[in-house]
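Enquirer: sequence isn't available, so here's the structure alone:
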């Protein structure tokens with residue numbers, strides 16, 4: 001995704017500067033970008049490079065989770081974050097803000113509560129039953145997430161996981177035997193430009209980074225697909241997305257519930273582009 005983005009910029013005569021420290025990616029090939037900084041992806045280094053190059057802007061949506069985590073800080077230091085605004089990235093990444101937004105949009109999601117103390121957890125678990133899922137904000141690959149089947153497991157996990165108090169932790173009802181669906185798309189000013197719907201082979205609960213996907217989806221009802229599109233339209237408008245996005249949903253008994261939304265290109269973007277022969281980036 002990053003390489004396609006760089007190539008598109010250069011094709012429009014816009015100099016493309018890449019900051020990367022992973023030697024196994026094509027984006028670190030010296031002839032792909034106008035300039036390559038083989039540096040750590042930290043706020044200090046990125047700001048140093050941004051100021052040194054007098055950059056017109058910074059694109060965070062093709063670099064994975066780390067640039068998304070930096071978006072608000074980059075914005076606060078005056079960097080011009082291109083695409084979806086940092087405030088909206090924060091709204092999607094902050095579990096509490098995102099879940100509250102879904103409630104406001106009347107978009108269905110598993111029952112949830114902000115886990116601010118263990119009394120909250122006990123009350124929530126007593127109301128919805130087990131299992132439950134404990135989910136911190138701003139994490140990648142299911143890090144620091146846990147499915148718990150008892151209150152003792154919840155307590156032990158919260159006390160031992162070292163979850164940062166800087167970002168909210170949400171506890172949600174874990175719905176078993178549900179199908180997971182991914183909605184990948186590109187939007188401009190809160191309207192979807194193009195999209196693709198894929199389905200997981202494994203049930204929801206296997207992290208999307210480890211799951212097997214089918215594209216195009218093979219076992220989804222037409223009604224389910226239409227429902228996914230309606231939900232995506234609401235979320236895209238609510239976050240005023242400009243750029244790539246990925247929405248994860250779960251389906252059970254032909255009812256859809258939202259799991260999360262990532263305001264960046266996902267691991268499925270390259271596969272979608274190749275399968276449909278459309279360059280989503």
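Expert: Noted; the coordinates are in hand. These figures come from a predicted structure and were not determined experimentally. Numbers count the residues shown, from 1 in each chain.
Enquirer: contact partners for residue 185?
Expert: Listed by CB atoms under 8 Å, 6 or more residues apart in numbering, the contact set of residue 185 reads 192, 193, 194, 195, 196, 232, 236, 244, 245, 246, 247, 280. Every C-beta, even on glycine, is put in place using the N, C-alpha and C of the backbone.
Enquirer: give me the element the residue lying closest to the fourth one once chain neighbours are set aside is part of.
Expert: The shortest distance from residue 195 to any non-neighbouring residue, by CB to CB, 6 or more residues apart in numbering, is to residue 185 (3.6 Å). Per DSSP states H and E: residue 185 is located in strand 179-188.
Enquirer: what's the first helix or strand after that strand?
Expert: Next helix or strand after strand 179-188 toward the C-terminus (DSSP H and E): strand 191-203.
Enquirer: in that next one, what's buried?
Expert: Neighbour counts over strand 191-203 (16 or more other CB atoms under 10 Å) mark 192, 195, 196, 197, 198, 199, 200 as buried.
Enquirer: now it against strand 179-188, angle please.
Expert: Angle between the axes of strand 191-203 and strand 179-188 is 160 degrees (criterion: axes from the mean of the first three to the mean of the last three CA atoms, to 10 degrees).
Enquirer: contacts for strand 191-203, please.
Expert: Residues contacting strand 191-203 (CB under 8 Å, 6+ apart): 176-187, 206, 208, 211-220, 225, 228-229, 232-233, 236-237, 268, 272, 275-276, 278, 280.
Enquirer: list the ones among the residues you listed that fall in strands.
Expert: The strands, defined by DSSP state E, take in 179, 180, 181, 182, 183, 184, 185, 186, 187, 213, 214 from the contacts of strand 191-203.
Enquirer: got a list of what the fourth one touches?
Expert: Contacts for residue 182 were tallied using CB under 8 Å, 6+ apart; they are 197, 198, 199, 200, 208, 213, 246, 247, 248, 249, 266, 268.
Enquirer: before we move on, what about the third one?
Expert: When contacts are counted by CB under 8 Å, 6+ apart, residue 181 touches 197-200, 217, 220, 224, 228, 248-251, 256.
Enquirer: thinking again about what came up before, out of the buried residues of strand 191-203, which comes closest to residue 12?
Expert: residue 192 (23.0 Å; CB to CB).
Enquirer: hmm, back to that, wait, which of the ones in strands among the contacts of strand 191-203 is closest to residue 72?
Expert: residue 187 (20.2 Å).
Enquirer: these two touch, right, residue 40 and residue 22?
Expert: No. Using CB atoms under 8 Å, residue 40 is not in contact with residue 22, being 10.8 Å away.
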